[in-house]
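# Kindly return the folded structure for what I paste below:
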Amino acid sequence: MREALDIRALVLQLGESMATNPDIDDASFAAWRSWALGEADRIDPFTSGQILEHLHAPTLGEDEQ
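Numbering: from 1, shown residues only. Predicted coordinates:
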């Protein structure tokens, strides 16, 4: 979760910096931004749905009791 938050913060910070940096074209940044936010969504346990796997306590099978 922390890594996903860090990626999103980086995207936001770089987006703000883009206003004063003419060396990077908007299309290149937009493509990178889309990729980075997709990665953040992929590793975020809430956005990706991974959290659902951890909300329920594991059940023991008959051979494990």
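# Got phi/psi on the spatially most central residue of the chain?
Most central in the chain under CA atoms, centre = their mean is residue 40, positioned 1.2 Å from the mean C-alpha point. Note on residue 40: its backbone torsions stand at phi -60, psi -40 [degrees, to the nearest 10].
# what about the helix or strand containing residue 7, distance to the chain center?
Taking DSSP states H and E as the criterion, residue 7 maps to helix 2-18. Centroid separation for helix 2-18 versus its chain: 10 Å, with CA atoms, centre = their mean, to the nearest Å.
# Residues touching that helix, excluding its own?
Here helix 2-18 makes contact (CB atoms under 8 Å, 6 or more residues apart in numbering) with 24, 26, 29, 33, 36-37, 39-41, 43-44, 47. Where C-beta positions appear, they are placed from N, C-alpha and C, glycine not excepted.
# Please repeat the previous calculation with a cut-off of 6 Å.
For helix 2-18, contacts defined as CB atoms under 6 Å, 6 or more residues apart in numbering pick out 29, 33, 36-37, 40, 43-44.
# Buried among those? Make that a ChimeraX selection.
Here is the ChimeraX command that selects the buried residues among these (16 or more other CB atoms under 10 Å):
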select :29,33,40,44
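# From the contacts of helix 2-18, which land in helices?
Judged by DSSP state H, the contacts of helix 2-18 include 29, 33, 36-37, 40, 43 as members of helices.
# Would you convert the contacts of helix 2-18 into TSV that also reports distance to residue 20 and pLDDT?
As requested, the contacts of helix 2-18 are exported to TSV (distance: CB to CB, whole Å; pLDDT from 0 to 100):
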residue	distance to residue 20	pLDDT
29	13	89
33	17	95
36	20	97
37	22	96
40	24	94
43	30	91
44	29	89
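# Right, I'll leave it there.
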